[in-house]
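Peer 1: generate a structure from the sequence data that follows.
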Amino acid sequence: MKKSFLILSAILFTAQTFAQQVTKVTDPVEWINPLMGTQSKYDLSNGNTYPAIALPWGMNFWTPQTGKMGDGWQYTYDAYKINGFKQTHQPSPWMNDYGQFAIMPVTGKLKVSQKGRESWFSHKAEVAKPYYYSVYLADHDITTEITPTERSAQFRFTYPKTDSSFIVIDAFDKGSYIKVIPGERKIIGYSTKYARGPLKNFKNFFVIYVDKPIATSQTYNDTTLTDGQELTAKHVMAVIGFKTAKGEKVNLRVASSFISIEQAEINLKREVGTDSFDITKQKAKATWNKTLSRLSVEGGSVDQVRTFYSCLYRMLFFPNKMYEIDAKGDIMHWSAQNGKVMPGYKFAGTGFWDTFRALYPFLNLVYPSINKEMQMGLVNDYKEGGWLPEWSSPGYSDVMVGNNSASVVSDAYLKGGRGYEINTLYDALIHGANNDGPAATGRDGVQYYNELGYVPYDVKINENAARTLEYAYDDFTIYKLGKALGRPASETDLYKKRSMNYKNLFDPSTGWMRGKNKDGKFQSPFSPFKWGGAFTEGNSLHYTWSVFHDIQGLIDLMGGKKKFVSKLDSIWTLPPIFDDSYYGEVIHEIREMQIAGMGQYAHGNQPIQHMTYLYNYAGEPWKTQLHVREVMDKLYKATPDGYCGDEDNGQTSAWYVFSAMGFYPVCPATDQYVLGTPLFKKVTLNLENGKTVVINAANNSSVNKYVNLLNVNGKPYDYTWLSHKALMQGGVINFNMSATPNKTRGTKPADVPYSLSTEK
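Peer 2: Numbers count the residues shown, from 1 in each chain. Below you'll find the predicted structure:
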């Protein structure tokens with residue numbers, strides 16, 4: 001009997017395991033959890049995300065607001081009350097918002113303040129999808145529904161029976177305007193509130209139509225009732241009111257513009273028109289499914305599929321469109337650089353320090369046409385402001401280090417981007433590489449870097465070693481782009497030479513990168529565990545690997561492959577100790593490393609995310625496979641606490657999506673993706689050019705995580721990298737997986753990925 005029970009248990013376990021495998025995804029948008037990463041706060045980020053109800057790269061996003069006006073943590077999973085439904089463009093809580101206003105339906109005794117109008121809600125009565133949001137507001141007995149277009153949205157409020165039904169429109173502080181026009185069932189206005197500036201002539205204009213006669217209306221100067229239906233003040237709110245029957249639905253059509261109220265009307269007419277709420281919802285869902293269908297996965301667990309598509313969702317927002325289409329059909333934009341309305345494309349809301357690593361390479365592989373628009377937008381940034389942004393929110397923002405616009409521009413062209421002013425962008429790169437610009441543009445410390453080959457530690461330029469390492473990589477990308485454009489050798493050779501400047505900070509006595517003083521001596525005392533100082537949001541253990549373009553050169557500096565691998569191994573085995581004296585507190589990035597249980601590996605921040613793939617360069621690719629799978633399994637899940645640090649505009653998600661496919665762009669501006677281990681039994685990549693890449697790993701499982709053999713288009717393949725050019729031709733990649741590592745495949749010197757030191 002006992003034996004029979006054990007056999008039956010084994011059969012049931014096998015059946016359950018098989019049943020949990022997702023064989024086909026036909027409706028990918030329904031696998032997404034927009035609440036992934038929302039259980040976050042100032043001192044611990046599980047993503048620092050908010051549920052963005054929007055279309056891919058849409059100009060406007062909508063989100064329920066649980067935080068106070070101006071709070072970067074505008075929606076947090078642990079909150080219990082909603083005070084409005086906010087139009088947002090916020091890239092992250094650290095950057096905060098711009099172009100914002102809120103709408104809130106209420107009943108009963110009217111209270112317009114955020115505190116007065118807020119309502120309890122529960123996640124049990126909340127539906128969050130990329131194309132649709134619904135929540136029950138308990139204190140008002142109202143259900144709110146939202147569905148988006150790119151620049152507009154529709155709201156549907158279901159009211160109880162009452163003669164005291166209202167809608168509050170909050171244009172926020174820092175200067176705003178509202179006019180209620182009852183005869184047209186219309187509210188117009190603008191908000192000027194932004195977090196990062198200065199910005200010239202900045203207004204987020206909006207227009208709102210309600211499908212029910214407005215019985216009462218009033219305006220407020222902050223919370224003080226005023227006479228009349230039109231008001232300009234520091235903080236303007238308006239209220240419209242009416243009687244409602246039980247279950248009565250009141251619909252709003254809303255649009256905005258950075259150009260004018262008239263343009264907001266055009267946006268509304270073009271994108272919503274006479275469509276019902278449900279038609280807009282159907283169109284939004286169809287747009288999401290069409291966009292997501294570039295990638296389809298099979299043979300993963302329910303959790304893995306949910307996580308995959310939830311990460312892909314996060315990758316399709318930033319930078320978002322800031323351009324609009326006028327009455328003549330011309331593409332126009334308000335310029336954050338000069339404050340004028342200008343022709344052409346414009347995007348904003350991303351930091352290249354984060355996203356050059358994997359998000360932009362992903363766009364170049366899967367969505368190149370949108371990145372073509374983004375490159376055209378960068379041309380306009382340069383023409384209108386004199387610099388390429390390093391962090392646009394929406395103009396030049398003085399945050400983070402590096403000159404990584406060079407990578408974003410170079411990778412796009414080198415991966416096949418055409419049809420825009422690449423020579424103008426190249427000129428912009430040369431300008432940025434040799435000048436120190438405003439608000440983090442150009443290069444801080446450029447004179448030292450160009451003369452000494454590094455930015456010194458003792459010249460009051462913070463995070464100098466990080467800057468040096470990133471400038472060296474950026475110089476490499478300029479070198480590669482210059483060669484592709486046929487620039488003179490005298491010019492390209494200069495940037496090739498500068499790309500070796502990383503060597504100036506390598507300390508052979510410790511084996512780590514280290515800050516160096518102006519006199520050529522290393523900064524002292526030195527601790528590889530010290531965060532900040534010479535480095536940006538990390539320590540020497542994290543930043544030493546930031547030699548994307550010349551890993552072989554780094555191997556040589558460390559004394560060969562065995563010592564290099566030993567250094568890599570130490571990241572996982574060292575305890576998560578730290579020195580936070582530079583910051584004076586345990587910043588959230590430190591805490592996230594400390595609690596992850598992975599030693600000094602700090603996946604919650606960007607500088608080290610490529611490190612897992614570097615074993616390939618030293619002839620031990622099975623260790624990449626081990627650690628990549630461990631990170632995917634342990635640090636990502638489609639839950640409110642599902643990230644291990646800031647999601648950061650698609651970058652941390654891009655690491656997962658690339659890794660799940662089985663490869664990763666360690667060095668953008670080269671043609672190569674470095675191999676890891678696929679997560680699914682099958683991934684189909686439907687390229688924009690009509691070609692298809694099929695990635696098979698039929699015997700893949702949680703146990704079989706090692707690559708035993710690899711076959712590409714019917715032929716054995718021992719390289720530890722894939723070519724972008726070859727992928728763009730389509731093909732079939734077959735992984736044969738194993739529970740034990742194959743320690744001979746991909747280990748020959750000829751098998752390793754590109755390094756500048758070995759460039760032929």
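Peer 1: what about the spatially most central residue of the chain, distance to residue 212?
Peer 2: Centroid-nearest residue in the chain: residue 649, 1.6 Å away (criterion: C-alpha atoms, centre = their mean). Between residue 649 and residue 212 the distance, using C-beta to C-beta, to the nearest Å, works out to 39 Å. Using the backbone N, CA and C atoms, a C-beta is placed for each residue, glycine as well.
Peer 1: so how far is stretch 753-760 from its chain's centroid?
Peer 2: 30 Å (C-alpha atoms, centre = their mean, to the nearest Å).
Peer 1: start and end of it, how far apart?
Peer 2: 13 Å (C-alpha to C-alpha, to the nearest Å).
Peer 1: in it, what's buried?
Peer 2: The neighbour-count check on stretch 753-760 (16 or more other C-beta atoms under 10 Å) flags 753, 754, 755, 756 as buried.
Peer 1: residues in contact with the third one?
Peer 2: Just to be clear, that refers to residue 755. 549, 550, 551, 552, 553, 617 (C-beta atoms under 8 Å, 6 or more residues apart in numbering).
Peer 1: quick check: mean pLDDT of the helix or strand harbouring residue 725?
Peer 2: Using DSSP states H and E, residue 725 maps to helix 724-727. When pLDDT is averaged over helix 724-727, the result is 98.
Peer 1: just the pLDDT at residue 760, thanks.
Peer 2: 82.
Peer 1: before we move on, the earlier item: tell me the one among the contacts of residue 755 nearest to residue 56.
Peer 2: residue 549 (31.0 Å; C-beta to C-beta).
Peer 1: so for stretch 335-347, mean pLDDT?
Peer 2: 98.
Peer 1: over to stretch 392-407?
Peer 2: pLDDT averaged over stretch 392-407 gives 97.
Peer 1: where do the strands of the stretch 651-760 of the chain begin and end?
Peer 2: Taking DSSP state E, counting those that start in this stretch, the strands of the stretch 651-760 of the chain run over residues 663-664, 672-675, 682-686, 692-696, 706-712, 715-716, 721-723, 731-738.
Peer 1: could you dump those to JSON lines with distance to residue 389 and mean neighbour count?
Peer 2: Formatted as JSON lines, those follow (distance: least, C-beta to C-beta, whole Å; neighbours: other C-beta atoms under 10 Å):
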{"stretch": "strand 663-664", "distance to residue 389": "25", "mean neighbour count": "24"}
{"stretch": "strand 672-675", "distance to residue 389": "27", "mean neighbour count": "24"}
{"stretch": "strand 682-686", "distance to residue 389": "30", "mean neighbour count": "19"}
{"stretch": "strand 692-696", "distance to residue 389": "32", "mean neighbour count": "18"}
{"stretch": "strand 706-712", "distance to residue 389": "38", "mean neighbour count": "18"}
{"stretch": "strand 715-716", "distance to residue 389": "44", "mean neighbour count": "8"}
{"stretch": "strand 721-723", "distance to residue 389": "31", "mean neighbour count": "21"}
{"stretch": "strand 731-738", "distance to residue 389": "36", "mean neighbour count": "19"}
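Peer 1: of all the ones you listed, which one is nearest residue 296?
Peer 2: Nearest of the strands of the stretch 651-760 of the chain (C-beta to C-beta): strand 682-686, 4.7 Å.
Peer 1: and stretch 515-522, how far apart are its ends?
Peer 2: So stretch 515-522: terminal residues 6 Å apart, C-alpha to C-alpha.
Peer 1: which of the helices or strands spans residue 62?
Peer 2: strand 61-65.
Peer 1: identify the residues contacting whichever helix or strand comes after that strand?
Peer 2: Scanning forward in sequence from strand 61-65 by DSSP H and E, the next helix or strand is strand 81-82. Applying C-beta under 8 Å, 6+ apart, the contact partners of strand 81-82 are 64, 65, 66, 104, 118, 119, 120, 121, 135, 137.
Peer 1: rewinding a little: residue 521: which of the buried residues of stretch 753-760 is nearest?
Peer 2: For those, the nearest to residue 521 is residue 756 (27.3 Å; C-beta to C-beta).
Peer 1: list the contacts for the closest one?
Peer 2: Contacts of residue 756 by C-beta under 8 Å, 6+ apart are 476, 496, 499, 500, 549, 550, 553.
Peer 1: and the first one, what does it touch?
Peer 2: What that stands for is residue 476. Contacts of residue 476 (C-beta under 8 Å, 6+ apart): 495, 496, 499, 548, 549, 550, 669, 756.
Peer 1: surely it forms part of a helix?
Peer 2: Yes - counting by DSSP: H, G, I helix; E, B strand; the rest coil, residue 476 is part of a helix.
Peer 1: now it: how far from residue 746?
Peer 2: When residue 476 is compared with residue 746 (using C-beta to C-beta), they lie 24 Å apart.
Peer 1: ok, residue 459 next?
Peer 2: Taken as C-beta to C-beta, the span from residue 459 to residue 746 is 44 Å.
Peer 1: rewinding a little: are any of the contacts of strand 81-82 buried, and which?
Peer 2: 64, 65, 66, 104, 118, 119, 121, 135, 137.
Peer 1: right, and the fourth one touches residue 142 too?
Peer 2: I take that to be residue 104. No - the criterion here is C-beta atoms under 8 Å, and residue 104 misses it with residue 142 at 9.5 Å.
Peer 1: any low-confidence regions in the protein?
Peer 2: For the chain, the stretches flagged by pLDDT under 70 are 1-19.
Peer 1: gap between the helix or strand where residue 634 lies and the chain center?
Peer 2: Residue 634 belongs to helix 621-635 when assigned by DSSP H and E. Its chain's C-alpha centre and that of helix 621-635 lie 22 Å apart, by C-alpha atoms, centre = their mean.
Peer 1: repeat that for stretch 540-551.
Peer 2: 22 Å.
Peer 1: ends of it, how far apart?
Peer 2: Calculated as C-alpha to C-alpha, the first-to-last residue distance of stretch 540-551 is 16 Å.
Peer 1: what's the answer for stretch 327-338, then?
Peer 2: Using C-alpha to C-alpha, first and last residues of stretch 327-338 are 23 Å apart.
Peer 1: give the buried residues for that stretch.
Peer 2: 332, 333, 334, 335, 336, 337.
Peer 1: so for stretch 631-648, what gets flagged as buried?
Peer 2: Under 16+ other C-beta under 10 Å, the buried positions of stretch 631-648 are 631-632, 635-648.
Peer 1: so which of these are in strands?
Peer 2: Among the buried residues of stretch 631-648, no residue falls in strands (DSSP state E).
Peer 1: ok, the residues you listed vs residue 433, which is closest?
Peer 2: Using C-beta to C-beta, the buried residues of stretch 631-648 come closest to residue 433 at residue 648, 24.4 Å.
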